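Colleague: only geometry, no sequence info:
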C-alpha cells in the first residue's frame, strides 16, 4: 500500500495534478493532467489530448505525478511509478511516494 | 520575450508551481516549488531545501516549470528553459512556453 488515506486526500483534492513522462530522447515532458481518481495504488485520469504523453509511455512506461492542496495547511506529494493508456483513461500505478512542502 | 502578460499572470497566480530537473542518471525529479515571481523571462523562487534539484542543476541546467490556475477559467502553462541556484534563490530562465488545458 503506497497511497494511504492522506495521500489519497491530497491527490484527489488537488486542483491540478502534474504528470511527467520521458521522451525517447530522455527529455522530461510535464503536463497538467487535471483531476485524478485514486483506486488502491492507482490514480486514474481522463485522457484529453495527451498525445506526447501517450507516445512517451509506449517507449518508457515510467511516470511521476505531483499533487498539492492548501486546505487544512499546504500538503503535497510526489508519486513515482508507471502509467499506461487504456482507452480514454490513463492509469498510473504508484511505486513510491514522497511528502513535499 | 517568452513570458507575456497572460503567462506571467498564470505563473504568479498558481498556488503551486511544479519544477522539474533531471538527475545525472536521466531520472526526472519533479518538486513543488511554491510561489514564483516573474521578472522578464525569469521566474524566481525561494530555495527551501531543494537539495536534489540543486544537485541536478550542477550537472544539467535544463529545467521545466508548470503552473495552473482556476481564476477566470482554468489556464496552465509549461515553460522550458534553464535554472540555477544563486544564494537563497532559484532563478529559472524561460526559453519556450506552451499553453495547456
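Modeller: Yep, that arrived. A quick note: this is a predicted structure, and the numbers were derived from the prediction, not measured.

Colleague: Please enumerate the helices of chain A.
Modeller: Assigned by DSSP state H, the helices in chain A fall at A:5-13, A:51-59.

Colleague: Next to chain B, which bits of chain A? Give me the list.
Modeller: A:15-16, A:18, A:20, A:22, A:26, A:28, A:30-32, A:34, A:64, A:66, A:68, A:70, A:74, A:76, A:78, A:100-101 (C-beta under 8 Å from any C-beta of the partner chain). Heads up, the C-betas are built off the backbone N, CA and C, glycines and all.

Colleague: any idea how far residue A:86 lies from residue A:44?
Modeller: 9 Å (C-beta to C-beta, to the nearest Å).

Colleague: Oops, could you answer that again for residue A:94 instead?
Modeller: 12 Å.

Colleague: Which residue comes closest to residue A:15 once chain neighbours are left out?
Modeller: residue B:70 (5.9 Å; C-beta to C-beta, 6 or more residues apart in numbering or on different chains).

Colleague: Just the pLDDT for the one you found.
Modeller: Per-residue pLDDT puts residue B:70 at 89.

Colleague: what about it, neighbour count?
Modeller: Neighbour count of residue B:70, defined by other C-beta atoms under 10 Å in any protein chain shown: 14.

Colleague: same thing with residue A:26?
Modeller: As a measure of burial, residue A:26 has 11 neighbours, counting by other C-beta under 10 Å.

Colleague: and the most centrally placed residue in chain A, how far is that from residue B:72?
Modeller: By C-alpha atoms, centre = their mean, the mean C-alpha position of chain A lies nearest to residue A:65, the distance being 3.2 Å. Counting by C-beta to C-beta, the gap from residue A:65 to residue B:72 is 26 Å.

Colleague: cool, residue A:9 as well?
Modeller: 27 Å.

Colleague: show me where pLDDT drops low in chain A?
Modeller: The model of chain A has no residue with pLDDT under 70.

Colleague: Now do the strands in it.
Modeller: A:18-22, A:28-32, A:36-39, A:42-46, A:62-69, A:75-86, A:89-100 (DSSP state E).

Colleague: mind checking how far the first one is from the chain centre?
Modeller: Distance, stretch centre to chain centre, for strand A:18-22: 7 Å (C-alpha atoms, centre = their mean, to the nearest Å).

Colleague: how many degrees apart are that strand and strand B:75-86 in direction?
Modeller: Strand A:18-22 and strand B:75-86 are oriented at 70 degrees to each other (axes from the mean of the first three to the mean of the last three C-alpha atoms, to 10 degrees).

Colleague: Report the beta-bridge partner residues of residue A:29.
Modeller: Counting by DSSP bridges, residue A:29 is bridged to residue A:21.

Colleague: show me the contacts for it.
Modeller: A:20, A:21, A:22, A:23, A:52, A:53, A:56 (C-beta atoms under 8 Å, 6 or more residues apart in numbering or on different chains).

Colleague: if I pick the closest residue to residue A:28 other than its chain neighbours, what's in contact with it?
Modeller: Of all residues not flanking residue A:28 in the chain, residue B:28 sits nearest, at 3.9 Å (C-beta to C-beta, 6+ apart). Counting by C-beta under 8 Å, 6+ apart, residue B:28 makes contact with A:20, A:22, A:28, A:30, A:64, B:20, B:21, B:22.
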